[in-house]
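Colleague: model the following, please.
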Amino acid sequence: MNVFVIRHARAIDPDRSLDDGHRPLTARGRRDALAVGRALREAGVKLDALVTSPLVRAVETAELIAVGLDFDGALEVAPELATGRHPQVVVEEILLPRADLGAVAVVGHEPQLGALIGALLRGPVPSPAKGAAVRLAWDGPGQPARFKWVIRPGFEKPSKEIADIG
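Modeller: Numbers count the residues shown, from 1 in each chain. Next up is the predicted model:
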């Protein structure tokens, strides 16, 4: 299975008057998410599932990724991708039930996504940049994933250097 781990794009700064879960993307964040979605399409990515955190900035990122990809499937919202959840929950509740699919994307937050990538690769990795899409090949439980490439906003060509994640 190809697992695409996507960190939400840039959101407005935290503000006491706005609940953290309701922070939307900035104009730059919207442009970046759409550009990364288009770059994924140009890289030949075809998703079978797109699953996102329920927080507004992640949902907006997932929607723009879907538009850029021309993804016509349903956008799934999963509380397991909300901030503060353990990465093993993402594996057990999101990835394993979809193990028969060819390509699954998850959209969420740091530090959870960096921990998820590290857990799948079985080693420490840099945190993904805001808006970055990291492609991993994973054969399922008991097997370490393999890093394939990353696409970051502003660098919309796949990079095969793991140091480029951040």
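
Colleague: make it CA atoms for all contacts and neighbour counts henceforth
Modeller: Will do.

Colleague: can you report how many residues neighbour residue 121?
Modeller: Residues lying near residue 121 (other C-alpha atoms under 10 Å) number 18.

Colleague: which positions in the helix-or-strand element of the chain with minimal mean pLDDT come out as buried?
Modeller: Within the chain, no helix or strand scores below strand 155-159, which has a mean of 82 by mean pLDDT, DSSP states H and E. Under the neighbour-count criterion of 16 or more other C-alpha atoms under 10 Å, strand 155-159 has 156-159 buried.

Colleague: turn these into TSV, including distance to residue 54.
Modeller: Formatted as TSV, the buried residues of strand 155-159 follow (distance: C-alpha to C-alpha, whole Å):
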residue	distance to residue 54
156	26
157	28
158	27
159	29
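
Colleague: could you let me know which of the residues you listed ends up closest to residue 46?
Modeller: Distances from residue 46 to those, taken as C-alpha to C-alpha, are shortest for residue 158 (15.1 Å).

Colleague: OK, contacts around that closest one?
Modeller: Contacts for residue 158 were tallied using C-alpha atoms under 8 Å, 6 or more residues apart in numbering; they are 43, 149-151.

Colleague: closest to residue 127 out of those?
Modeller: residue 150 (11.8 Å).

Colleague: so how far is residue 158 from the closest one?
Modeller: Counting by C-alpha to C-alpha, to the nearest Å, the gap from residue 150 to residue 158 is 5 Å.

Colleague: what do you get for residue 132?
Modeller: Residue 132 is 10 Å from residue 158, by C-alpha to C-alpha.

Colleague: now for the two: what residues contact both?
Modeller: With C-alpha under 8 Å, 6+ apart as the test, residue 132 and residue 158 both reach 150-151.

Colleague: flag the shaky bits of the protein, pLDDT-wise.
Modeller: The model of the chain has pLDDT under 70 over residues 20-21, 163, 166.

Colleague: please pick the buried ones from the contacts of residue 158.
Modeller: Going by neighbour count (16+ other C-alpha under 10 Å), those have 149-151 buried.
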